[in-house]
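Novice: Here is my input, please return the structure:
(2 chains)
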There are 2 protein chains.
Amino acid sequence: MKQLQYPRVAVIGIGLIGGSFALAGKRAGVLGHVTGVARSRATRDAALATGAADAVTDDPVAACRDADLVYLATPVGAIAEVMASIAASLPAGCTVTDAGSTKTRIVTAAGELLPGHVTFIGGHPMAGSEQSGIRAARADLFQESLYFLIPAPDTEPPVLDKLSRTIEAIGAVPITCDADKHDYMVAATSHLPHLTSAALAAAVAAAIGDDSQASLFAGKGYADTTRLAAGPTEVWRDILVANHDNILRCLDRLIGQLQRYRQALCDVDAQALADLLDEARRAREELTGR
Amino acid sequence: MKQLQYPRVAVIGIGLIGGSFALAGKRAGVLGHVTGVARSRATRDAALATGAADAVTDDPVAACRDADLVYLATPVGAIAEVMASIAASLPAGCTVTDAGSTKTRIVTAAGELLPGHVTFIGGHPMAGSEQSGIRAARADLFQESLYFLIPAPDTEPPVLDKLSRTIEAIGAVPITCDADKHDYMVAATSHLPHLTSAALAAAVAAAIGDDSQASLFAGKGYADTTRLAAGPTEVWRDILVANHDNILRCLDRLIGQLQRYRQALCDVDAQALADLLDEARRAREELTGR
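Specialist: This next block holds a predicted model:
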């Protein structure tokens, strides 16, 4: 049987991720009473109706006052602002974590904004969906997915262990990592693919214009490669802004690679094209392990 | 009950597509005796073992001599060569079709190479798999997929109708289209996504170097956007060569779009990034109809 780890939890921004964390943690018995925080009345109602929250409020400060765990699940761009607003009311011994997809800025902000009597551990669940919002939340969202945890240099091991056990209890695999490495790696493996997917969707649309038969031609390949472009703008805008320097480095590699294809197409160089395609397959096999 | 359309069929290049066409057509009762042509002994044995072919040979000329339908399913770059080799032995009234992903060059080559007493109708099944080869062939591969047919201006309607009925019988939806439009549209919706997927896979690999934790970071977004890069090099090399001019036009649009992201990242311009992401989502919704 799982042991209750956090009797009182505040989930600030109780949407897809925050709601799924609450549902999974309550089902596993590691989270006790959950207060869900959302600005929108409809979200608060849904958080209660789905069972993700036991109580709801639009006031982050009130929600945090007696929390053992504060889970920040707003878009990345709003996390520092929320930390500033709750800082003064956080009880001693409280653990604060977040679910933002970039970590360097958030960990730095936490160090500057949060009081010394709480522990901040950055988090990044590698789970999601094109759907967003509390209605898409589900207790199995994190099942078998990785969950990065970014402790500060002075984080006490028992505090990190407790959060790690909670992450395991919701079905995910906790991995500790430092913030800079995390952000560069996700720029390459997640943010660049997202940006590429979006740029491709727009480029294809521009190329085909308003041909009435166009949708007939858009098959599974198109749908898969542009799937990420369906993601929520606010979330991804914040990620691109927060991690812009790492993403730029990776984007320049992609543009360079596309210029190699461009040259090979201009030259109608079959061997160069075959070499590029072989290189890509090998690269993918190495990274995915198959 | 389906009616037998082609009593004697030659499938030249009996791999994933050719084998699936044979399996589906035989199951539906529209194809009679199928002779499978492959250079490799292992492929010929597998074509017999799977039931895709009733007879096999490595000689395209022998296979075509009494065929009512010749189905060319080799990689795009080999199709014209095969047409040249079989031209003199094709019986009068025979229909020749192909399954190549580009059509302008093939339709032109057919007009130049094939005798006047046969009919060539270009074909392009919008079905496939990352797997290739006869062992991946299955009778339901074309189920509910589109199948482009490219008749010549002088193709007799009953000859086209007969092939269309056969395509319907294997579960696909036949769509007639002219070759130039077809090739431009697939450049935008299929070949550009493929090239992008491959370029992305290589760029990500270059960006992360040989970090031992790299594969932990490569999640579903990476896997989906780079899935196409797993496709067979020979097939895609030929497609990129055959359709290089259309693909270049589309590729330049993609590079232009990526340059817009690059600028917005350099400027850390949240509004410009949000506009780009919104534009991408709308473009995708319009093309996929959701």
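Novice: mind listing the strands in the stretch 151-290 of chain A by residue range?
Specialist: Applying DSSP state E, counting those that start in this stretch to the stretch 151-290 of chain A gives strands spanning A:173-176.
Novice: Please read the previous query as pertaining to the stretch 1-150 of chain A.
Specialist: Using DSSP E, counting those that start in this stretch, strands in the stretch 1-150 of chain A cover A:6-12, A:31-37, A:55-57, A:69-72, A:95-98, A:119-125, A:146-150.
Novice: out of these, deepest packed?
Specialist: strand A:69-72 (a mean of 28; mean count of other Cβ atoms under 10 Å in any protein chain shown). All C-beta spots, glycine's among them, are computed from the backbone N, C-alpha and C.
Novice: Now render the strands of the stretch 1-150 of chain A as JSON lines, adding distance to residue B:44.
Specialist: Formatted as JSON lines, the strands of the stretch 1-150 of chain A follow (distance: least, Cβ to Cβ, whole Å):
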{"stretch": "strand A:6-12", "distance to residue B:44": "62"}
{"stretch": "strand A:31-37", "distance to residue B:44": "61"}
{"stretch": "strand A:55-57", "distance to residue B:44": "68"}
{"stretch": "strand A:69-72", "distance to residue B:44": "61"}
{"stretch": "strand A:95-98", "distance to residue B:44": "60"}
{"stretch": "strand A:119-125", "distance to residue B:44": "51"}
{"stretch": "strand A:146-150", "distance to residue B:44": "45"}
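Novice: What lies in contact with the lowest-mean-pLDDT helix or strand in chain A?
Specialist: Across the helices and strands of chain A, mean pLDDT, DSSP states H and E gives its lowest value to helix A:214-217, namely a mean of 85. For helix A:214-217, the external contacting residues (Cβ atoms under 8 Å, 6 or more residues apart in numbering or on different chains) are A:208, B:126, B:146, B:175, B:185-186, B:188-190, B:287-289.
Novice: Buried ones among the residues you listed?
Specialist: Buried members of these, counted by 16 or more other Cβ atoms under 10 Å in any protein chain shown: A:208, B:126, B:146, B:175, B:185-186, B:188-190, B:287.
Novice: hmm, back to that, nearest to residue B:241, out of the strands of the stretch 1-150 of chain A?
Specialist: Between residue B:241 and the strands of the stretch 1-150 of chain A, the tightest spacing by Cβ to Cβ is seen for strand A:146-150, at 39.9 Å.
Novice: Are that closest one and chain B in contact anywhere?
Specialist: Yes. Strand A:146-150 lies within reach of chain B by Cβ under 8 Å from any Cβ of the partner chain, at residue A:146.
Novice: and the angle for that strand with strand A:119-125?
Specialist: Relative orientation of strand A:146-150 versus strand A:119-125 (axes from the mean of the first three to the mean of the last three Cα atoms, to 10 degrees): 150 degrees.
Novice: any idea of the mean pLDDT for strand A:146-150?
Specialist: Per-region confidence: strand A:146-150 scores 95 on mean pLDDT.
Novice: just checking, what packs against it?
Specialist: With contacts taken as 3 or more Cβ pairs under 8 Å, 6 or more residues apart in numbering or on different chains; DSSP states H and E, strand A:146-150 sits against strand A:119-125, helix A:157-169, strand A:173-176, helix A:179-186.
Novice: Of those, which is nearest chain B?
Specialist: Nearest to chain B among the helices and strands packed on strand A:146-150 is helix A:179-186; the distance by Cβ to the nearest Cβ comes to 4.3 Å.
Novice: Quick one: distance of the closest one to the chain centre.
Specialist: Distance of helix A:179-186 from its chain centroid, counting by Cα atoms, centre = their mean, to the nearest Å, is 13 Å.
Novice: try stretch A:60-77
Specialist: 17 Å.
Novice: Tell me the spacing between residue A:134 and residue A:36.
Specialist: 8 Å (Cβ to Cβ, to the nearest Å).
Novice: repeat for residue A:132
Specialist: 16 Å.
Novice: tell me the domain boundaries of chain A?
Specialist: Here the domain assignment for chain A is A:6-177, A:181-288, based on automatic domain parsing.
Novice: quick one: which of the ones you listed is nearest residue B:268?
Specialist: Taking those one by one with Cβ to Cβ, domain A:181-288 is closest: 5.4 Å.
Novice: mind checking the end-to-end distance for the closest one?
Specialist: 19 Å (Cα to Cα, to the nearest Å).
Novice: what residue ranges in chain A score low on pLDDT?
Specialist: For chain A, applying pLDDT under 70 flags the ranges A:1-2, A:129-130, A:290.
Novice: Give me the helices and strands touching the top helix by length along it, please.
Specialist: Ranked by residue count and defined by DSSP state H, the top helix of chain A is helix A:244-266. On a contact count with 3+ Cβ pairs under 8 Å, 6+ apart, helix A:244-266 meets helix A:179-186, helix A:192-208, helix A:270-288, helix B:192-208, helix B:233-242, helix B:244-266.
Novice: Mind listing what's buried along it?
Specialist: Residues A:244, A:246-248, A:250-251, A:253-255, A:257-258, A:260-262, A:264-265 are the ones in helix A:244-266 that count as buried (16+ other Cβ under 10 Å).
Novice: now do stretch A:137-144
Specialist: Buried-residue list, stretch A:137-144, by 16+ other Cβ under 10 Å: A:137-139, A:141-142.
Novice: Those residues also near chain B: which ones?
Specialist: Taking Cβ under 8 Å from any Cβ as the test, chain B is in contact with none of the buried residues of stretch A:137-144.
Novice: want to try a markdown table for the residues you listed, with distance to residue B:197 as columns?
Specialist: Shown next, in a markdown table, are those (distance: Cβ to Cβ, whole Å):
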| residue | distance to residue B:197 |
| --- | --- |
| A:137 | 31 |
| A:138 | 29 |
| A:139 | 33 |
| A:141 | 26 |
| A:142 | 27 |
